[in-house]
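Colleague: build me a model from this:
(chains A and B)
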Protein chains: 2
Amino acid sequence: MTQARSGSRATRGSSSARSTEFARIARLSQVLGAGAARSFVEVDVGDDAAVLGRLRGRLVWTIDAAVDMVHFRRDLLGWQDVGWRSLHAAASDLAAMGASPVAALSALALPRALLDRELLSLVKGQREAADALGCPVIGGNLSRARVLSITTTVLGQAPRPVLRSGARIGDEVWLVGDVGLAAAGLSWLMKKRRGGGRAVEHCVSAWRRPVALIDGGLGLVGRAHAAIDVSDGLAADAGHIAESSGVRLVIEESCLGAVLHEDLSRAARLLGVDPLVFALTGGEDYALLAVGPRRRRPCAAVRIGRVERGLGVVVEKADGKPRNVSSGFDHFP
Amino acid sequence: MTQARSGSRATRGSSSARSTEFARIARLSQVLGAGAARSFVEVDVGDDAAVLGRLRGRLVWTIDAAVDMVHFRRDLLGWQDVGWRSLHAAASDLAAMGASPVAALSALALPRALLDRELLSLVKGQREAADALGCPVIGGNLSRARVLSITTTVLGQAPRPVLRSGARIGDEVWLVGDVGLAAAGLSWLMKKRRGGGRAVEHCVSAWRRPVALIDGGLGLVGRAHAAIDVSDGLAADAGHIAESSGVRLVIEESCLGAVLHEDLSRAARLLGVDPLVFALTGGEDYALLAVGPRRRRPCAAVRIGRVERGLGVVVEKADGKPRNVSSGFDHFP
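Modeller: From the prediction side, this is the model:
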């Protein structure tokens, strides 16, 4: 591992367009390291590995990759957005467990052509996200690659983690946060549409700058029987809870439709798409989907369905009939 | 994150050459998950994140990427070797801190063309390495990419981590494990040479199946003032200790030459290369370089130099004059 480290070579690459590995590491560590110190971080950038002390109780740990042209499209995002998204997408897994993120490591695989200022911008986005999440990036790895990718690992604490496997028959299905906006925003960008106003801007921003719902996840602890973050699509991710728990999740369209953000409805109308399609199949808002008993539903959650005996997911139309839904994103379809 | 998870879809893809993401995850979790349970692993494959309990004291944490055609060459390695190397390379950072690995997560970025049996072979190599290291792979992430890469994060425990920054003037420079063999083995493979006998086989095997020196690292705790694993090259990595500690490391060629493995000398002779060149610039054996006081030198370490006032690294020839050494591997030269 090449941990980001500081040192006297920091200045060497600062004026050139593409500096050496060690100059880059030194520069990046200035952006990520400074002010990122927490009492439990004993060693951050500058050694073979990071050292953490004084972490008690259960640890929750995830890794997540963001690959150019797979997870993001550079032509539709700024470099800072790329950095921001990478950290929030990884932290969202911890939100889904009811965990608080503690720290992150970031492995950057960079094409030769990437300029120093582009890299710096990306890392600034990570730093911005780290500050917003209270989750410093305390180390990482830098390597060359033909295609840009960012792989992020996040460690967090969760005294009582919420798993996917605890759903019970009779539970309600809950949604925390908005779904569908990011998918509508991406659709708008891909169609190269112009204008659209504030509603579309909101959707585009939901895709470019998603936010891991850490507080929303903490609010599920002791209340939800199971939870997941919506990364593959609402219907697909509901399927993961159903499979892990051995139950059927019924998403009630009438309930889901009633809680969709009005900006999604506006943007979907402009795009000529049913907003429920974005809501059911779009994943990159990083909302939280949970199930639990009615009396324990947190204020931040809305009811969008129910848990029944059976298997899989049914999306129930207002007339009680099932809707066919595509199964969400599959990396190897 | 798509944590590896088990489930009823496991069988779906088993007969086809390239199965879906979820079928693959299910299959991989069978290889990685089974028997990997440790008492402190509360949730491994099958949820948004892994859950660890009962870890006390300081944690040491690293991330490391292995990218096709950068860190390895598929034409020179088997798939199981690729998997094996990815875990040992990451664990080696922990060895350098005097830490014991606890568990790992693995993010696999896979080209569409990769066949199920190739992927399975890769993961079997990871499992083999996990068993050898006592460090189960308890989760990960699967995504599509144009170029194959494996990014591994390893978490370990170290009551008293050995950093890079503690070298003191008057310390000896120590080497634990062999250097140069992997570089000689790779050189042999790249030149497409045949034969070579047992010595060359040893070198090739050192490159294909490196071993993180966990016990060697633990043996440095309380003895070494600073340590690093040799991944960029002995001279380059010595430079990292020198820079972090604000001292000069002098590598004495007469000492280093005397401790080189005889198989390296034989292979180097066949290749027509000075074995010291492989030893000083080849990094992928994952030996440990440390510094400490003479009276505390562990049995497993040999003296190869000294720490002086000054900066940087000097490789001192037998006649006392300095040797010019290329600076090791730079990802962005």
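
Colleague: could you look up the SS state of the closest residue to residue A:274 other than its chain neighbours?
Modeller: Once flanking residues are discounted, residue A:274 sits nearest to residue A:268: 6.7 Å by CB to CB, 6 or more residues apart in numbering or on different chains. The C-beta positions use only the backbone N, C-alpha and C, and glycine is treated the same way. Under DSSP: H, G, I helix; E, B strand; the rest coil, residue A:268 falls in the helix class.

Colleague: give me the neighbour count for residue A:268.
Modeller: 25 (other CB atoms under 10 Å in any protein chain shown).

Colleague: check residue A:273 too.
Modeller: As a burial measure, residue A:273 scores 15 neighbours (other CB under 10 Å).

Colleague: in what helix or strand does the nearest residue to it once chain neighbours are set aside lie?
Modeller: The shortest distance from residue A:273 to any non-neighbouring residue, by CB to CB, 6+ apart, is to residue A:187 (7.0 Å). Of the helices and strands defined by DSSP states H and E, residue A:187 is found in helix A:181-190.

Colleague: quick one on the thing from earlier: so the residue nearest to residue A:273 sits right up against residue A:272, yeah?
Modeller: No: with contact defined as CB atoms under 8 Å, residue A:187 does not count as touching residue A:272 (10.3 Å).

Colleague: those two: which has the busier surroundings?
Modeller: Between residue A:187 and residue A:272, counted using other CB under 10 Å, residue A:187 has the larger neighbour count: 20 against 6.

Colleague: ok, back up a step: buried residues in the helix holding residue A:187, which are they?
Modeller: By neighbour count with 16 or more other CB atoms under 10 Å in any protein chain shown, helix A:181-190 contains the buried residues A:181, A:182, A:183, A:184, A:185, A:186, A:187, A:188, A:189.

Colleague: CA-only coordinates of it, as CSV, when you get a sec.
Modeller: Only the C-alpha atoms of helix A:181-190 are listed here, as CSV (Å, rounded to 0.1, in the frame of the first residue of the first chain):
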residue,chain,number,x,y,z
LEU,A,181,-34.8,12.2,-8.3
ALA,A,182,-31.3,11.1,-9.1
ALA,A,183,-32.6,8.8,-11.9
ALA,A,184,-34.7,11.6,-13.3
GLY,A,185,-31.7,14.0,-13.1
LEU,A,186,-29.4,11.5,-14.9
SER,A,187,-32.0,10.9,-17.5
TRP,A,188,-32.3,14.6,-18.1
LEU,A,189,-28.5,14.9,-18.5
MET,A,190,-28.2,12.0,-20.8
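
Colleague: what average pLDDT does it get?
Modeller: Taken as a whole, helix A:181-190 has an average pLDDT of 96.

Colleague: and it, what does it pack onto?
Modeller: helix A:197-208, helix A:262-271, helix A:275-281 (3 or more CB pairs under 8 Å, 6 or more residues apart in numbering or on different chains; DSSP states H and E).

Colleague: who does the helix or strand following the last one pair with, and is each partner parallel or antiparallel?
Modeller: Remark: after helix A:275-281, the chain's next helix or strand is strand A:288-292, criterion DSSP H and E. Strands flanking strand A:288-292 in the sheet, each with its direction: strand A:172-176 (antiparallel), strand A:226-229 (antiparallel) (DSSP bridges).

Colleague: how about residues contacting strand A:288-292?
Modeller: A:95-96, A:162, A:166-168, A:171-177, A:213, A:216-217, A:220, A:223-230, A:234, A:237-238, A:241, A:245, A:249, A:301, A:307 (CB atoms under 8 Å, 6 or more residues apart in numbering or on different chains).

Colleague: got the contact list for the closest residue to residue A:323 other than its chain neighbours?
Modeller: Once flanking residues are discounted, residue A:323 sits nearest to residue A:315: 4.4 Å by CB to CB, 6+ apart. By CB under 8 Å, 6+ apart, the residues touching residue A:315 are A:235, A:250, A:251, A:253, A:280, A:322, A:323, A:325.

Colleague: helix/strand/coil for the third one?
Modeller: Classification of residue A:251 using three-state DSSP returns strand.

Colleague: confidence score at it?
Modeller: Per-residue confidence (pLDDT) for residue A:251: 97.

Colleague: what residues are bridge-paired with it?
Modeller: For residue A:251, the beta-bridge partners are residue A:305, residue A:315 (DSSP bridges).

Colleague: how many neighbours does it have?
Modeller: By other CB under 10 Å, the residues close to residue A:251 number 24.

Colleague: look up how far residue B:61 lies from it.
Modeller: 38 Å (CB to CB, to the nearest Å).

Colleague: residue A:175 pairs with what?
Modeller: Bridge pairing for residue A:175 - DSSP bridges - gives residue A:289, residue A:302.

Colleague: touching, it and residue A:300? I think so.
Modeller: No: counting by CB under 8 Å, residue A:300 is not a contact partner of residue A:175; they are 9.7 Å apart.

Colleague: is the helix or strand hosting residue A:101 anywhere near chain B?
Modeller: Applying DSSP H and E as the criterion places residue A:101 in strand A:100-110. Yes: Strand A:100-110 comes into contact with chain B (CB under 8 Å from any CB of the partner chain), by way of A:103, A:105, A:106, A:107, A:109, A:110.

Colleague: can you name the next helix or strand after that strand?
Modeller: Of the helices and strands lying after strand A:100-110 in sequence (DSSP H and E), the nearest is helix A:116-133.

Colleague: angle of that following helix against strand A:100-110?
Modeller: 170 degrees (axes from the mean of the first three to the mean of the last three CA atoms, to 10 degrees).

Colleague: which neighbouring elements make contact with helix A:116-133?
Modeller: Secondary-structure packing of helix A:116-133 (3+ CB pairs under 8 Å, 6+ apart): helix A:21-33, helix A:79-95, strand A:100-110, strand A:137-144.

Colleague: redo these as TSV? Include mean neighbour count and mean pLDDT.
Modeller: Formatted as TSV, those follow (neighbours: other CB atoms under 10 Å in any protein chain shown; pLDDT from 0 to 100):
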stretch	mean neighbour count	mean pLDDT
helix A:21-33	24	76
helix A:79-95	27	97
strand A:100-110	26	94
strand A:137-144	26	92
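
Colleague: can you pull out the low-pLDDT segments for the stretch 151-300 of chain A?
Modeller: Within the stretch 151-300 of chain A, no stretch has pLDDT under 70.

Colleague: so which bits of it are right by chain B?
Modeller: Within the stretch 151-300 of chain A, the positions near chain B by CB under 8 Å from any CB are A:151, A:153, A:155-156, A:158, A:161, A:163-165, A:227-229, A:231-232, A:240, A:243-244.

Colleague: just the buried ones from these?
Modeller: Buried, going by 16+ other CB under 10 Å: A:151, A:153, A:155-156, A:158, A:161, A:163-165, A:227-229, A:231-232, A:240, A:243-244, out of these.

Colleague: so what strands line up beside the host helix or strand of residue A:150?
Modeller: Using DSSP H and E, residue A:150 sits in strand A:149-157. The strands that strand A:149-157 pairs with in its sheet are strand A:59-67 (antiparallel), strand A:100-110 (antiparallel) (by DSSP bridges).

Colleague: residues in contact with residue A:77?
Modeller: Residue A:77 makes contacts with A:85, A:208, as judged by CB under 8 Å, 6+ apart.

Colleague: report the contact partners of residue A:31.
Modeller: Contact partners of residue A:31, counting by CB under 8 Å, 6+ apart, are A:120, A:123, A:124, A:127.
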